[in-house]
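# predicted structure and sequence below. I'll ask about it afterward.
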Amino acid sequence: MDFERFLKNKIEAKNVFIGFLDKFYGFKLGKVGISNLVIDTLLRGSKKQFSNFTDVCAFFESQWQVRLEYDYNDTDIAYICYFIDIAFKICGILNGEIDNEVKTHVIRKYSENDGFVSALIYMAYGRQISTILTCVNQLAVFATVYSINIINGADKTKTHEFIVNEFENFLSKLMY
């Protein structure tokens with residue numbers, strides 16, 4: 001799609017993201033629950049960047065100055081599916097309709113935790129799949145930074161503004 005469409009739909013995507021942040025914070029998962037969720041999401045979705053939970057924790061400390069409190073417990077896949085649903089909404093707003101085959105394979109990738117998407121599917125939908133995976137992972141990062149900072153006593157309004165600005169800076173990476 002073109003840049004004009006991106007500008008036109010940027011506000012709608014931002015509003016979806018703001019609703020996502022508010023709903024995620026309302027889950028009241030606590031630091032350990034949030035940490036487990038983000039670690040599980042990133043390890044399932046970004047095996048090239050993160051090979052273990054120590055890599056994820058180091059990333060949050062170095063890039064975001066957020067310390068994760070980890071007590072590994074399998075994450076309810078429903079939370080990860082929530083990230084996937086929001087990623088599809090945002091990417092759909094920015095790029096138009098997304099093939100259902102893409103959603104099936106993205107959900108399978110996270111639920112089966114094998115990191116595998118068949119070469120044939122990737123050839124047909126690689127750019128869409130890659131964009132959705134990037135969005136899911138980034139939503140997990142933004143939700144974690146937002147929630148843990150507020151739990152740690154940061155000003156909610158300033159933290160919200162900061163994360164929404166970071167999301168807006170990220171939006172152009174979701175165009176395909």
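That came in fine, so what should we check first?

# which secondary structure element is home to the nearest residue to residue 46 once chain neighbours are set aside?
If the residues on either side of it in the chain are set aside, residue 46 comes closest to residue 137, at 5.2 Å by CB to CB, 6 or more residues apart in numbering. All C-beta atoms are positioned from the backbone trio N, CA, C, and that covers glycine. Using DSSP states H and E, the secondary-structure element containing residue 137 is helix 119-151.

# distance between that helix and the chain's centre?
The chain centroid and the centroid of helix 119-151 are separated by 4 Å under CA atoms, centre = their mean, to the nearest Å.

# check which helices and strands it sits against.
Helices and strands in packing contact with helix 119-151 are listed as helix 3-26, helix 30-45, helix 77-95, helix 100-112, helix 156-170; criterion 3 or more CB pairs under 8 Å, 6 or more residues apart in numbering; DSSP states H and E.

# go again using 10 Å as the cut-off
Other helices and strands packing on helix 119-151, by 3 or more CB pairs under 10 Å, 6 or more residues apart in numbering; DSSP states H and E, are helix 3-26, helix 30-45, helix 53-59, helix 77-95, helix 100-112, helix 156-170.

# got JSON lines for these, with mean pLDDT and mean neighbour count too?
JSON lines is the format used below for those (pLDDT from 0 to 100; neighbours: other CB atoms under 10 Å):
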{"stretch": "helix 3-26", "mean pLDDT": "88", "mean neighbour count": "15"}
{"stretch": "helix 30-45", "mean pLDDT": "90", "mean neighbour count": "22"}
{"stretch": "helix 53-59", "mean pLDDT": "91", "mean neighbour count": "17"}
{"stretch": "helix 77-95", "mean pLDDT": "91", "mean neighbour count": "19"}
{"stretch": "helix 100-112", "mean pLDDT": "82", "mean neighbour count": "16"}
{"stretch": "helix 156-170", "mean pLDDT": "96", "mean neighbour count": "14"}
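
# to residue 68, which of those helices lies closest?
Put simply, out of the helices and strands packed on helix 119-151 the one that sits nearest residue 68 is helix 30-45, at 3.9 Å, with distance taken as CB to CB.
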